[in-house]
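S.K.: quick check, what structure comes out for this input:
(chains A and B)
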Amino acid sequence: MTNENQKQPLPGDASMPGKPVTPSGQEDLARALPAERGDSLLDDDPLWRMLDDWDVSAPTAAFDAQVMARVRQEADAEPRTKAAAAGSTGWTSWFTGHWWATGAALASVLLAIVLFQRPAQDISELTFPTDMTMEISAQQVDTTLEDLEILEELYGFAPVEELQRNPL
Amino acid sequence: MALEADSQLMLRVQEGDEESFATLLQRFRVPIWQFLHRMVQNQAVAEELAQEVFLRVYRSRATYEPSAKFSTWLYRIATHLALNHLRDSKNDRGNISADEQTDEQAPLQLASKDPSIEDRLLRAARAERIRGAIDALPEKQRLAVILHKYQELDYRQIGDLIGASESAVKSLLFRAYDTLRTRLADLAPTNATKLAG
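M.R.: As a prediction, the model looks like this:
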C-alpha cells in the first residue's frame, strides 16, 4: 500500500505526455491518490503548479452590500407573502380558490329568494276575456247560417230538414 | 456528532440571525465567485450568479438540514446555476449582446503582479492557454478539475456534487489531468523558462 506522505510521480505524468489511460492505469491512480485530495502527491507535478497561472479576479467591493440588500428586500417581502398565504387558507379562500362555485351558489340563492318572495295571486282575481269570446261565437253562428242558406239555394233542399228526415 | 461551524451558522440563519448569514457570505463570497467565474468565464455573469447563490441559500434556510457539509450544499447550488447558465447560453450562442463580454475578450487576470511587461504578456498567454485547455475538457471533467484544483474540494465532496463515487472521481480527474498534460506539454516549466529568458 502506498504511503500518502511518500511523494511519487503520477501515472501519465509530464514525462509521458499523451499516454492513453488504461484500466490498469486507473487502478494505479486509485492507489496513487489515497489522500482525500491527493495534494501531497500533486505538489511535485509540474502540471499542478502550471494550473496556478490561471487566476481570476475577486468579487467587487460592492458585492456583499448588493447581496445583503437583496436579502433584506427578500426578508421584507416575506411577511406580506406569509400573510397572503395565511389569508388564502381562511374563509376568504372561498372567494379566491372557488370563485365560480361561490358565484353559482350565490346566484341560485338570489333566484330562490326572488321566486319565493313574490306574492301568490288569488284565482278569483283572475280575469278572462269573456266579451271577446262571446263576440267571436256570434260571428261564427251568423257565418254558419249564411252558409246553410247558400247550400239550400244551390241544392234545393234544406240540409237541416233532410237530416231530420234521414238521420245518419 | 458535532456540527461543523458553517452548518451551525446556517442553523442560526434559520432562526433569523442575519449576522450569521453575513458571516457565511464573508467566508464563501470569494470561492463561490471565483468558482462561477471559472465556470462561466464571464465576470458580469459570475457576479450575478454568485448573488443568486447566496439569495437561494437565504430562501432555503427554512428547509435547510445539516445532513452534509455546508460547503457541499453551497457548491451544489452554485454548480446547478452555472451548468444551467452554460446550457442556456449554448442554446443562445450567437445572440450574445455587446455588454456580455466573455473573458476571451476581456483582459486576463494574472496570478503574479510581476512589473515586467514582457513577463506579464507571457503569463497572460500561458493563462489563456490553460483556460482554453480546461474549457475544452468534457463538462464533468472540467467541473471536477475546477472543484479539485481551484476550489480545493476533496474527492468525496466532488463525488457528491457530480453524482459519482470517490474512485470514479479519481479516474475522472486522472483522465482530465492526463489530457491537460498533453495539451499543455509545450508550457512545461523548461519551455517557459526558455521563453522567459
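
S.K.: from the chain's centre, how far out is stretch B:56-65? Work that out for me.
M.R.: 22 Å (C-alpha atoms, centre = their mean, to the nearest Å).

S.K.: do stretch B:10-25 as well
M.R.: 24 Å.

S.K.: just checking, B:Ala50 is part of a helix?
M.R.: Yes - the assignment for B:Ala50, made by DSSP: H, G, I helix; E, B strand; the rest coil, places it in a helix.

S.K.: can you tell me the closest non-neighbouring residue to it?
M.R.: Residue nearest to B:Ala50 in three dimensions, not counting chain neighbours: B:Trp33, with 4.5 Å by C-beta to C-beta, 6 or more residues apart in numbering or on different chains. Any C-beta I mention is one placed from the backbone N, CA and C, and that applies to glycine too.

S.K.: surely the one you found touches B:Ala44?
M.R.: No - judged on C-beta atoms under 8 Å, B:Trp33 makes no contact with B:Ala44 at a distance of 11.9 Å.

S.K.: neighbour-wise, which of those two wins?
M.R.: Neighbour count, other C-beta atoms under 10 Å in any protein chain shown: between B:Trp33 and B:Ala44, B:Trp33 has more, with 24 against 13.

S.K.: OK, contacts around the more buried one?
M.R.: B:Trp33 sits next to A:58-59, A:63, B:46-47, B:50 when contact means C-beta atoms under 8 Å, 6 or more residues apart in numbering or on different chains.

S.K.: tell me, how many residues neighbour B:Glu47?
M.R.: For B:Glu47, the count of nearby residues is 18 (other C-beta under 10 Å).

S.K.: does it touch A:Phe63 like I think?
M.R.: Yes - using C-beta under 8 Å, B:Glu47 is in contact with A:Phe63, at 6.7 Å.

S.K.: domain parsing of the chain, as residue ranges.
M.R.: Chain wasn't specified; assuming chain A. When chain A is parsed with automatic domain parsing, its domains come out as A:1-56, A:57-95, A:132-165.

S.K.: that's the wrong chain, I meant chain B
M.R.: B:5-91, B:117-196.

S.K.: comparing those domains by mean pLDDT, which bottoms out?
M.R.: In terms of average pLDDT, domain B:117-196 trails the rest of the domains of chain B, at a mean of 88.

S.K.: that one close to chain A?
M.R.: Yes - using C-beta under 8 Å from any C-beta of the partner chain, domain B:117-196 reaches chain A at B:123, B:126-127, B:130-131, B:134, B:145, B:148-150, B:152-156, B:167, B:170-171, B:173-175, B:177-178, B:180-182, B:184-185, B:187-189.

S.K.: where's the residue nearest the centre of chain B relative to chain A, distance?
M.R.: What sits nearest the mean C-alpha location of chain B, by C-alpha atoms, centre = their mean, is B:Phe35, with 1.9 Å. Distance from B:Phe35 to chain A, counting by C-beta to the nearest C-beta, to the nearest Å: 9 Å.
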